[in-house]
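K.L.:
Turn this into a structure:
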Amino acid sequence: MVHCNTDRRISFSGLPPRGCSAGIYVHIPFCRKKCGYCDFVSFPIDKISSYSPERYVDSLIKEFSSRLPAAAPDMPVTIYVGGGTPSVISSRLLFKILFELKHSKFAGKSAVKEFTVELNPESVSKDKLGVLKECGVDRLSFGAQSLDDRILNILGRVHNVRDFLRAYRLARETGFQNINIDLIFGIPGQSLDDFKDTLNKAISLSPEHISAYSLSIETGTEFYLHGMEKDEETDAAMYEYVIKFLKDNGYLHYEISNFAKPGFECVHNVNYWLNGEYFGFGLSAASHLSGVRRENTGIFSDYIKGIYKNSEENLSPEKKIAETIILGLRMTDGVRLSREVKKIYKHNIMSLVRQGLLKTSGDYVKLSDKGIIFADTVFREFL
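P.N.:
Model prediction:
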């Protein structure tokens with residue numbers, strides 16, 4: 001299990017609990033193809049030649065040098081390389097990034113508690129997996145999304161189920177023993193039986209971690225522009241099913257969308273939900289350090305010129321507390337409320353309890369079974 005001090009639940013002192021990890025996130029904005037539901041900052045690597053991976057990686061390493069402190073933190077470090085699709089760039093560029101991260105003065109002096117890289121099946125090779133191993137990566141996150149070729153086609157993915165199974169097998173053969181599989185449900189045209197079949201296939205592989213996300217149709221995406229809509233009733237049924245199914249098969253439901261075998265919770269993401277400190281590098285990456293929220297530029301031409309920062313916000317004590325509540329309620333262990341927090345949010349909390357969306361036990365509050373389904377409604381009460 002992931003522990004902060006002796007209790008993973010959150011107490012409010014204005015700071016994340018001591019003993020949590022400091023996070024480093026690195027964004028790789030390239031992919032093979034932009035999926036119809038994706039609203040992340042990413043570019044098709046084969047179609048936009050001006051978005052040079054070489055130039056981007058050079059700028060990324062310069063940003064590491066300029067922003068990572070020389071002094072090691074007094075807590076373990078987690079590293080997470082996401083995208084986009086990190087595995088779409090060459091083995092040489094992957095090595096260049098990962099080597100710099102692993103051996104930076106910051107991470108190199110600390111215990112790297114977890115080192116994750118996201119992969120898409122179509123861009124996985126034995127050579128790239130070897131590079132990851134050599135550089136100390138110990139956790140992989142596969143963007144499978146579905147184990148049904150028809151659903152993958154609806155999503156606009158460029159891999160098929162066979163590609164994923166090949167990549168997963170290669171990862172195991174290379175020696176990776178901590179693997180996450182990302183899945184999406186609530187997809188237009190996807191039935192509950194379709195999703196059940198995907199889940200059965202997923203657990204047959206015995207991954208250490210499964211992330212199951214309800215499809216979100218964001219403004220400006222291809223799905224949004226085509227007027228695609230979800231069936232909310234089917235979506236809710238899928239979510240209720242995945243919670244019970246994975247629990248029955250030995251996975252802990254430790255966060256709204258995340259399930260892990262005991263001891264394999266994602267340490268890096270738990271730090272986010274505990275409102276901990278983290279550095280973000282690359283296009284549009286966010287950082288949270290000493291009560292300051294920073295966002296990098298999303299303009300590629302600026303980034304490769306060394307213009308990294310887009311905005312910065314000093315968080316008020318009230319906003320920090322509200323954020324910590326919202327993030328903490330994502331964790332199924334719940335949130336411990338201080339006297340000050342109860343004073344500020346007493347009416348909000350009691351209203352949500354009366355609606356059956358929250359439940360309390362002493363100084364702790366957590367989402368009810370109903371609240372997990374309608375979590376966004378709960379979170380809005382603290383904005």
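K.L.:
okay, CA-based contacts and neighbour counts for the rest of this
P.N.:
Fine.
K.L.:
Is residue 207 in a helix, a strand, or coil?
P.N.:
When the structure is reduced to helix, strand and coil (DSSP: H, G, I helix; E, B strand; the rest coil), residue 207 reads as coil.
K.L.:
Could you measure from the spatially closest residue to it that is not a sequence neighbour over to residue 261?
P.N.:
Closest residue to residue 207 in three dimensions, ignoring its sequence neighbours and counting by CA to CA, 6 or more residues apart in numbering: residue 179, at 5.6 Å. Between residue 179 and residue 261 the distance is 11 Å, computed by CA to CA, to the nearest Å.
K.L.:
Next, show the common contact partners of these two.
P.N.:
In the contact map built from CA atoms under 8 Å, 6 or more residues apart in numbering, the residues linked to both residue 179 and residue 261 are 208, 209.
K.L.:
For stretch 131-143, measure first residue to last.
P.N.:
Between the opening and closing residues of stretch 131-143 we find a distance of 19 Å, counting by CA to CA.
K.L.:
Give me the three-state assignment for residue 284.
P.N.:
The assignment at residue 284 comes out as coil when based on three-state DSSP.
K.L.:
In contact with it, which residues are there?
P.N.:
Under the criterion of CA under 8 Å, 6+ apart, the contact list for residue 284 reads 27, 41, 295, 296, 297, 298.
K.L.:
hmm, back to that, run through the bridge partners of the residue nearest to residue 207.
P.N.:
Beta bridges link residue 179 to residue 140 when assigned by DSSP bridges.
K.L.:
ok so, going back, out of the contacts of residue 284, which sit inside strands?
P.N.:
Assignment to strands by DSSP state E places the following of those there: 27, 295, 296.
K.L.:
For those residues, pick the one with the most neighbours.
P.N.:
Each of the ones in strands among the contacts of residue 284 was scored by neighbour count (other CA atoms under 10 Å); the top score is that of residue 27, with 22 neighbours.
K.L.:
Enumerate every residue touching that residue.
P.N.:
Under the criterion of CA under 8 Å, 6+ apart, the neighbours of residue 27 are 81, 82, 83, 84, 86, 280, 281, 282, 283, 284, 285.
K.L.:
Tabulate those (JSON lines), appending pLDDT.
P.N.:
Supplementary listing: the contacts of residue 27 in JSON lines, determined by pLDDT from 0 to 100:
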{"residue": "81", "pLDDT": "97"}
{"residue": "82", "pLDDT": "96"}
{"residue": "83", "pLDDT": "92"}
{"residue": "84", "pLDDT": "91"}
{"residue": "86", "pLDDT": "95"}
{"residue": "280", "pLDDT": "96"}
{"residue": "281", "pLDDT": "96"}
{"residue": "282", "pLDDT": "97"}
{"residue": "283", "pLDDT": "96"}
{"residue": "284", "pLDDT": "96"}
{"residue": "285", "pLDDT": "97"}
